[in-house]
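Peer 1: Could you work out the structure for the sequence below:
(chains A and B)
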Amino acid sequence: MMREKILYSFTAIFDSPDQVSHATEKVVEQGYTKFDVHSPYPLHGMDKAMKLPPSKLGYVALVFGLSGTLGALLSLWWVSAIDYPILIGGKPLFSFPAYVPVMFEVTVLSASIATVLAMLFFFFKLPNNAHPLHGSDYMKKVSADKYGISIQADDPKFDEASVRKLFESVHAKEINSIYWDNEELTHKHKIFEPKFLTFLLIVAIISSGTTYFTLNKLMFMLPFNWMMEQPKQSAQQESLFFSDGFGMRLPVAGTIARGYLPYQFKGQPDVAGEKLVNPIPISIESLKLGQTKFDIYCSPCHGYHAEGDSRLRGQFPNPPSLHSEKIRKWSDGRIFAVLTDGQNIMPSYTTQLSVDERWSVINYLRALQRAFNAKESDLQ
Amino acid sequence: MSSSSVEYYRKELPSKVQTIGLVLLLVGLVIIILGYIVNPARSAQNNIIGFTFVVSIAVGSLFFVAIEYLSGAVWSTPFRRVGEFLSSLIVILPFLAIPLLLNINSVFHWTHPKPADKILIGKAPYLNVQFFIFRVIVFWLIWLVFYYFITKNSRKQDQTKDQFLTTANVKLSAIFMPLFALTITFTAIDWLMSLAPHWFSTIFGVYYFSGTVLAALAAGTIFIVLLNERGYFVEEIHTDSYYSLGALLFAFTNFWAYIAFSQFLLIWYANLPEETLWFLDRWNGNWKFFSIGLLLVHFLIPYIGLLSQPSKSNPKRLVVMASVLLFAHYYDLYWLVMPNFYKDGIVFGWIELGFPILIAGLVISVFVYKSKKVNLVPIGDPKLKRGIDFRL
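Peer 2: Residues are numbered from 1 along each chain as shown, chains lettered A, B, ... in the order given. A predicted model of the protein is given here:
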C-alpha cells in the first residue's frame, strides 16, 4: 500500500560560502526558525548569521563537573573518616590534600562523560539514524563542495510558494523538496536484530579477551612487572644483607612496646602494694570506664557490687566479698598486683585490661566500697 | 606576497604614558636607594623578588616569541612585537643583579657555611660565590644572545620582507628552547631555592617556570589588549585572537596550580622533617593567611574569572585577570623569598614598595622606548596576514 509522501523540508544549494551566509541572513530576516545550514567545513560567523544562542553544553559540563568534585569529596570523607576509619601514616582521618587528586580526576571524568553523552543524546538527538536528509542528493552535495539551507516544513511560517520565492531571490542554484522515507517511518525496529547481537558478541569477546590478557599476561611482562619485583625483603626469605641470613630482625635489646610498660613486681604482691601508686586520678571518665570493665570482666564472679555473689551458680568457687576489712585497707597497688598476677584461682587480667584500665577498675571498686560503708558525713 | 596587503600606520604612544613610566621609575629608584641605606639586608631580599620577577617577564616573553616561531602559530603574529619589546628587559637585568651581588652575604647564608654544617659543606662545590656569579653571567649572556639575534631578524624583516629570516628564527628558537629550560631551572634553584640551602624539591624549577610563563603571558596580555582596544595594531584584528590569550592564561593558571599542588602533596605525604620545614615556615603565624591568599590570587580568582567561554575573549575581563595574575606572580615570589628570613610573620613596609614601583616604571619606559624605534606590528612577517584574518 503506497501512502502519500510527507514533506520534510525545502532545500537550496549554493556555490559559495558568501552566498549561503547572505541567504541565511535573509532566512532569519523572514522569521523562519526551523532551518539548518550545511557546509563541508565550519563556516566562520555562521552561528551569528543564524542567530544561534550560545551553546548550553558548558553548563552540563559545569554542573556534572562540580557534582563529581563534591561526590568524590563526600564519598572519600565517608569512607575514610566515618565508615571505615583507619589511620594512615599518622595523618588525620579527614586528610583533604590526599583527596584532591581523586576529586580532580572524578571532576574531569564526570564532566567529560556527561558532556559527551549530553552532546550525543540530548543536543544531537541521537540515535536518529533515519534523518530524512541522510542519503539525499542534497546531503551528498553539501558534504562535498556545496553549501545548503534546508527549511523544515513544520516551521510555523512555512509555505511552499514563499519559501521557493525566497530561495529564488537569493539565487539558489538548485531548489529541492525532501520527503520523509515512508518505509523508515513505518519500520519497526527490533532490538534483537541478528546484526546487533553479533556486534554485541564481538564486543564482549574482544573486551573480555583484552581484559584477560592485560590482567593475567601483560602485567607479568617487562616492564610492567617492575613494581612487583622490588629489592625488598619478603617474609621467610633469606637475607643477603645480614651476615646471619635472617630477614626478620629482633628489636634492639631493651625495646619497650608502646603502652606495655613491663611489670616489675611479679610474685611480690606486697612489694607492689607498697611501691605502686595509682596514676589515674578519680574522675567521671575513669569511674565510667572502670564500671564498664568491672561489669564485663569482674562481675561474673564477684557480682555487680563486688559482694562475692557469683552468677556462675557454683560452677566456679565463689570468691570472697571485696568489701572486707582486708581489701578496704589494701593499697591500690596491692589490688593492682592481684589483677596483674592473679591470686590462687583468680586469673591474671593483663591480656583483657590495659594498665590504665586496671587502675580505673580499682577506682570504681573504691567507689563501690565507699557506697557500702558510707559514713554519716557522706550524706551531708 | 600576502603581507604587502596589510596596512599599518605607526601610532605614537601618548607622551603621558612615557611620563608615568619615568615618574614610577624615579620614585622606585629613590625608595630602593633609601632602602639600601637604611636596611641593606631587607632591600637585598626584596631585590631577589624584583630580579626574578623581571627575569620572568623578560625571558618568559622571549620564550613566547620562540614558541610562536617553533609552532608556526599565526594568531599571535600581529602581537609578537609586544613579546619582543618586553624581552628587551633582558638587557637591563645586570642593573638589577649588581646591588644584590654586592650584598650576597646577607641573603644567601650558604656563602659562609658553619664548619659543622656537613650538608652545606657538601653542597659547596655548586653553591659557592664564584660559581654562582659565573652562572648568573653565563645565563644572562645566553638570554642576551638569543634576544639579540631573534629580534634583530624580526626587525630586519620589516624592511626586507625576507621569508628566510623567519626560517632563521625558527632555527634559533629551536636551539633556545632547551637552553631556556635549563637556564630557568637553574635560575630558580640559584636565586630562590638556595635561600633555604638545606631544603630541596626536585620540581622547584618547573614551579618557577610555571610562574614565569604565566607572568610573561599576563604582562603581554595587558599590553596587547589595552593597545589593540585603542587601535595601535592593525584595524581589522578580530577579538577572536583574544580567545587564544584567555585560553592560554587559563591553561597556565591550571598548570601552576597543578605543579604547586604536586610539590606540596608529595612533601605533605612523605612528612619528612627536612622537607616539611619549608612549608612550615610558610604556615607559621600569620604566614598561614598569606599562603591561603596565594591560593586565591594565583588560582581560584583567575580560575573562576576565566572559566566561562565568553570571558576568555572579553577584553575587560582579560585585562583584569591578567593584572591579577601578574600581581600573583610577585606575590608568589614574595612567598618564596620572605618566609625564609622572617619566621615570626609577614613583614611589609615602604621598603617592599620600591621594587614593584621600579619594575612598573621600567616595563612601561622600556616599552615606550622600543615602540618609538620599532614597528608595533611585524609588517614584513609572511604569517601576518593570516594572523590578522584569524578566526576561531
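
Peer 1: for the closest residue to chain B within the stretch 1-150 of chain A, helix, strand, or coil?
Peer 2: Nearest to chain B, among the residues of the stretch 1-150 of chain A, is residue A:44, at 4.1 Å (Cβ to the nearest Cβ). Yep, even glycine has a C-beta here, placed from its N, CA and C like the rest. Each residue gets one of three states, and residue A:44 gets coil by DSSP: H, G, I helix; E, B strand; the rest coil.

Peer 1: Which pLDDT does the model give it?
Peer 2: We have a pLDDT of 80 for residue A:44.

Peer 1: mind checking the SS state of the residue nearest to it when sequence neighbours are not counted?
Peer 2: Distances taken as Cβ to Cβ, 6 or more residues apart in numbering or on different chains place residue B:391 nearest to residue A:44, at 4.1 Å, with adjacent residues excluded. For residue B:391, the secondary structure call by three-state DSSP comes out as coil.

Peer 1: Close to chain B: what parts of the stretch 51-200 of chain A are there?
Peer 2: Those residues of the stretch 51-200 of chain A that sit near chain B, judged by Cβ under 8 Å from any Cβ of the partner chain, are A:54, A:58, A:62, A:89, A:90, A:91, A:97, A:98, A:100, A:101.

Peer 1: Just the ones of these in helices?
Peer 2: Mapping those onto helices (DSSP state H) picks out A:58, A:62, A:97, A:98, A:100, A:101.

Peer 1: Need the pLDDT of the residue lying closest to the first one once chain neighbours are set aside.
Peer 2: Nearest non-adjacent residue to residue A:58, counting by Cβ to Cβ, 6+ apart: residue B:309, 6.1 Å away. Residue-level confidence at residue B:309 comes out at 86, pLDDT.

Peer 1: so residue B:309 touches residue A:57, yeah?
Peer 2: No: the pair residue B:309 and residue A:57 does not pass the contact test of Cβ atoms under 8 Å, sitting 9.8 Å apart.

Peer 1: Need the pLDDT of residue A:128.
Peer 2: 69.

Peer 1: mind listing what the residue of chain B found nearest chain A touches?
Peer 2: Chain A sits closest to residue B:391 of chain B, with a gap of 4.1 Å, by Cβ to the nearest Cβ. Residues counted as contacts of residue B:391 (Cβ atoms under 8 Å, 6 or more residues apart in numbering or on different chains) are A:44, A:45, B:238, B:240.

Peer 1: 10 Å instead, please
Peer 2: Shown in contact with residue B:391 (Cβ atoms under 10 Å, 6 or more residues apart in numbering or on different chains): A:42, A:43, A:44, A:45, B:75, B:238, B:240, B:241, B:243.

Peer 1: Which of those are buried? Put it as a ChimeraX command.
Peer 2: Under the burial definition 16 or more other Cβ atoms under 10 Å in any protein chain shown, those of those that qualify are selected in ChimeraX by:
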select /A:43,44 /B:75,238,241,243
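
Peer 1: Out of the contacts of residue B:391, the closest to residue A:16 would be?
Peer 2: residue A:43 (10.6 Å; Cβ to Cβ).

Peer 1: so where do the strands sit in the stretch 1-150 of chain A?
Peer 2: Along the stretch 1-150 of chain A, counting by DSSP state E, counting those that start in this stretch, strands occupy A:7-14, A:35-38, A:147-152.

Peer 1: now the shortest one, how far from the chain's geometric center?
Peer 2: On the basis of Cα atoms, centre = their mean, to the nearest Å, strand A:35-38 is displaced by 44 Å from the centre of the chain it belongs to.

Peer 1: Can you list the strands that it pairs with?
Peer 2: Using DSSP bridges, the strands paired with strand A:35-38 are strand A:147-152 (antiparallel).

Peer 1: I'd like the mean pLDDT over the strand it pairs with, please.
Peer 2: 93.

Peer 1: tell me how far it is from the chain's mean position?
Peer 2: With Cα atoms, centre = their mean, you get 48 Å for strand A:147-152.

Peer 1: same thing with stretch B:146-156?
Peer 2: Mean-position distance between stretch B:146-156 and its chain equals 20 Å (Cα atoms, centre = their mean).

Peer 1: Which positions in that stretch come out as buried?
Peer 2: B:146, B:147, B:150, B:151, B:153, B:154, B:155.

Peer 1: How about the contacts made by the second one?
Peer 2: Listed by Cβ under 10 Å, 6+ apart, the contact partners of residue B:147 are B:58, B:59, B:61, B:62, B:65, B:84, B:87, B:88, B:89, B:90, B:91, B:176.

Peer 1: Where does it fall, secondary structure wise?
Peer 2: For residue B:147, the host element (DSSP states H and E) is helix B:129-160.

Peer 1: just to revisit the earlier point, hmm, the residue of the stretch 1-150 of chain A closest to chain B is touching residue A:17, no?
Peer 2: Yes: assessed by Cβ atoms under 10 Å, residue A:44 is found in contact with residue A:17 at 8.7 Å.

Peer 1: And what about the closest residue in space to residue B:283 that isn't next to it in sequence, helix, strand or coil?
Peer 2: Closest residue to residue B:283 in three dimensions, ignoring its sequence neighbours and counting by Cβ to Cβ, 6+ apart: residue B:291, at 6.2 Å. Three-state call for residue B:291 (three-state DSSP): helix.

Peer 1: any idea how far residue B:336 is from residue B:291?
Peer 2: In this view, residue B:291 and residue B:336 are 11 Å apart by Cβ to Cβ, to the nearest Å.

Peer 1: CSV for the contacts of residue B:147, including secondary structure and distance to residue B:15?
Peer 2: Shown next, in CSV, are the contacts of residue B:147 (DSSP: H, G, I helix; E, B strand; the rest coil; distance: Cβ to Cβ, whole Å):
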residue, secondary structure, distance to residue B:15
B:58, helix, 25
B:59, helix, 30
B:61, helix, 25
B:62, helix, 28
B:65, helix, 28
B:84, helix, 23
B:87, helix, 25
B:88, helix, 20
B:89, helix, 22
B:90, helix, 26
B:91, helix, 23
B:176, helix, 35
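
Peer 1: Pull out the buried members of those residues.
Peer 2: Listed as buried from the contacts of residue B:147 are B:58, B:59, B:61, B:62, B:65, B:84, B:87, B:88, B:89, B:90, B:176; burial here means 16+ other Cβ under 10 Å.

Peer 1: Could you export the residues you listed as JSON lines, including pLDDT and distance to chain A?
Peer 2: Listed next are those as JSON lines, based on pLDDT from 0 to 100; distance: Cβ to the nearest Cβ, whole Å:
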{"residue": "B:58", "pLDDT": "97", "distance to chain A": "33"}
{"residue": "B:59", "pLDDT": "97", "distance to chain A": "30"}
{"residue": "B:61", "pLDDT": "97", "distance to chain A": "30"}
{"residue": "B:62", "pLDDT": "97", "distance to chain A": "32"}
{"residue": "B:65", "pLDDT": "96", "distance to chain A": "27"}
{"residue": "B:84", "pLDDT": "96", "distance to chain A": "29"}
{"residue": "B:87", "pLDDT": "96", "distance to chain A": "32"}
{"residue": "B:88", "pLDDT": "95", "distance to chain A": "35"}
{"residue": "B:89", "pLDDT": "96", "distance to chain A": "36"}
{"residue": "B:90", "pLDDT": "97", "distance to chain A": "37"}
{"residue": "B:176", "pLDDT": "97", "distance to chain A": "33"}
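
Peer 1: Can you tell me which helix or strand of chain A has the lowest average pLDDT?
Peer 2: helix A:182-186 (a mean of 74; mean pLDDT, DSSP states H and E).

Peer 1: who does the helix or strand just after that helix touch, helix- and strand-wise?
Peer 2: Downstream of helix A:182-186, the next assigned helix or strand under DSSP H and E is helix A:194-212. The contact analysis (3 or more Cβ pairs under 10 Å, 6 or more residues apart in numbering or on different chains; DSSP states H and E) places helix A:194-212 against no helix or strand.
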